[in-house]
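1. 3D, please:
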Amino acid sequence: MKQIDPIARLRTSRNIHDVIRTSIVDTSPAVLLCLVVGLALGLRVAYVIFLVPDAFPVWRDTAHYVSIARNLLAGQGYIDTVGYWANEPLYSDVGPTSHWLPLYPFFLAGMFAFFGEFPRAIFLAQALLSSLAVGAVFLSSRQLFSVRLAFLAALLQSVDLYDIYYSGFPSTESFTASLLAGALLLAILCECSYRRQGFMPWSPWIGLAIILGVGCLHRSTFALLAVVMPTYILLTYFAKTRNVKDVLFKGATACFLLATVISPWLIRNYSLWDRPVYESKVGINLLIGNNARATGEFDLDFVPRLDPELYNELERDDEFRRLAWQWISNHPFDALGLFIKKNILIWNPVPRVQAGTLFWIGLTWSVVILSLACLGILRSLWNIQRFALPLLMLVGYVFSITVAFATTRYRIPLIPILAIFAANGISLLCSLRRTRYTHAEPAH
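-> From the prediction side, this is the model:
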């Protein structure tokens, strides 16, 4: 292949943008993948080592996760010993609990077993997972875009300020983003296979079912995705191939794998409560966002403080659920208005830091990314078949959040999907720019 002198290219190109674009196109996708994952890992590791204290922050969810992890490591079982927290209602009983889904506490317990209670080791592991999610974004985008736009989408996630921050924070956000990115990649590989080749290979399909099952053990938002995404893939697969036998076989296999992953947790909870229980915090989450004084955000003012001597964890959740559904059924239009408000609030770009340079940096970054992603989503509607899976994941995740209450922290796991749409938005702006310059050039 003829080698092009980069200096000559620079002299003959109209601007540096053309040079960068051509250089990216000429670079091997494998090299670009390594570069962007390496950048993501370097930024996150540097942040964790130099800016994050080697200690767990004083935060409610972290305290519960660490407590359960310590008890798992000590052989006491899945037990929480935190109790009440800072004038808030009692979340989980002191003792066996199903309030907190098990994946993250088991992850902490495993890290404690190998490295001791060394928070920085946990943050470094999260940094690695977050960096792998960047690679998943590149590979997913490669199926949707050119190499250049796939690199851009991965680059946007690799430098995302919030994604970097949560890699060094003991919460479920970074884990959730990695699982969503992995699930989206496998789903897109399934779809692209049967659209291009007429059949769907087993490996991405099995991987998708497993990762969705693992996600269900991490965040309840995956429960809806575990139904919607495989169903969409099977329906479109059937529409493409008309192979009833293969569709039914793959559907049965997915159901079996999902049940296999989730069933130990459900069986354990059945032995604890004498009834099938997935998690015992559905009621309190619904009540927080659906009551007479609800603002749509996290607000505990209306949640009653039920006596744990009279109500166990599951009974409290049942009562909270009853109160929430009672208010929704008595005030359907108010509930609908709140639901719409929550779907707006989750996109609030204003960071929780209320002053100083960090506020303006966070606000600017959020506004830019969300604006570009909005443009990309609008553009994807022109070719909705290609972007159906990321759109479906975005809508399904947001719905499962806003049916309860909205907080911008829950938007963090969507960063991989928003990065893909933001790259699509940048592509739209570049297309408009090229069109303008083409129309502005004088005729010869």
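2. CA only for contacts and neighbour counts going forward, please
-> Will do.
3. what secondary structure does the nearest residue to residue 103 once chain neighbours are set aside sit in?
-> Spatial nearest neighbour of residue 103, chain neighbours left out: residue 218 (5.0 Å); criterion: Cα to Cα, 6 or more residues apart in numbering. Three-state assignment for residue 218 (DSSP: H, G, I helix; E, B strand; the rest coil): coil.
4. helices of the stretch 151-300 of the chain, residue ranges please.
-> Per DSSP state H, counting those that start in this stretch, the stretch 151-300 of the chain carries helices over the ranges 161-167, 173-197, 202-216, 221-241, 244-273, 282-289.
5. out of those, which comes closest to residue 98?
-> helix 244-273 (6.8 Å; Cα to Cα).
6. buried residues in that closest one?
-> 246-247, 250-251, 253-255, 257-258, 261-262, 265-266, 268-269 (16 or more other Cα atoms under 10 Å).
7. repeat that for stretch 42-53.
-> 42-45, 47-48, 52.
8. for it, what is the average pLDDT?
-> Taken as a whole, stretch 42-53 carries a mean pLDDT of 97.
9. ok, now stretch 341-355?
-> Stretch 341-355 comes out with an average pLDDT of 85.
10. give me the neighbour count for residue 276.
-> When counting by other Cα atoms under 10 Å, one arrives at 14 neighbours for residue 276.
11. ok, now which ones touch it?
-> The contact partners of residue 276, taken as Cα atoms under 8 Å, 6 or more residues apart in numbering, are 266-267, 269-270.
12. what do you get if the cut-off is 10 Å, keeping everything else the same?
-> Taking Cα atoms under 10 Å, 6 or more residues apart in numbering, we find residue 276 in contact with 265-270.
13. ok, now residue 209?
-> By Cα under 10 Å, 6+ apart, the contact set of residue 209 is 183, 186-187, 215, 226, 229-230, 251, 253-259, 261.
14. report pLDDT for it.
-> Turning to residue 209, the model gives it a pLDDT of 98.
15. any idea how far residue 225 is from it?
-> Distance, residue 209 to residue 225, using Cα to Cα, to the nearest Å: 11 Å.
16. element containing the closest residue to residue 369 other than its chain neighbours?
-> Setting aside the residues directly before and after it, residue 369 is nearest to residue 422 in space (Cα to Cα, 6+ apart), at 6.3 Å. Assessed by DSSP states H and E, residue 422 sits inside helix 415-440.
17. again, but for residue 334
-> Residue 334 belongs to helix 332-345 when elements are defined using DSSP H and E.
18. the nearest residue to residue 61 once chain neighbours are set aside: neighbouring residues, count only.
-> For residue 61, ignoring the flanking residues on the chain, the nearest one in space by Cα to Cα, 6+ apart is residue 171 at 7.2 Å. When counting by other Cα under 10 Å, one arrives at 16 neighbours for residue 171.
19. residue 171 touches residue 103, doesn't it?
-> No: in this structure, residue 171 is not within contact of residue 103 by Cα atoms under 10 Å, at 11.5 Å.
20. common neighbours of these two, please.
-> Contacts common to residue 171 and residue 103, judged by Cα under 10 Å, 6+ apart, are residue 65.
21. tell me where the model's unsure across the stretch 251-400 of the chain.
-> 353-355 (pLDDT under 70).
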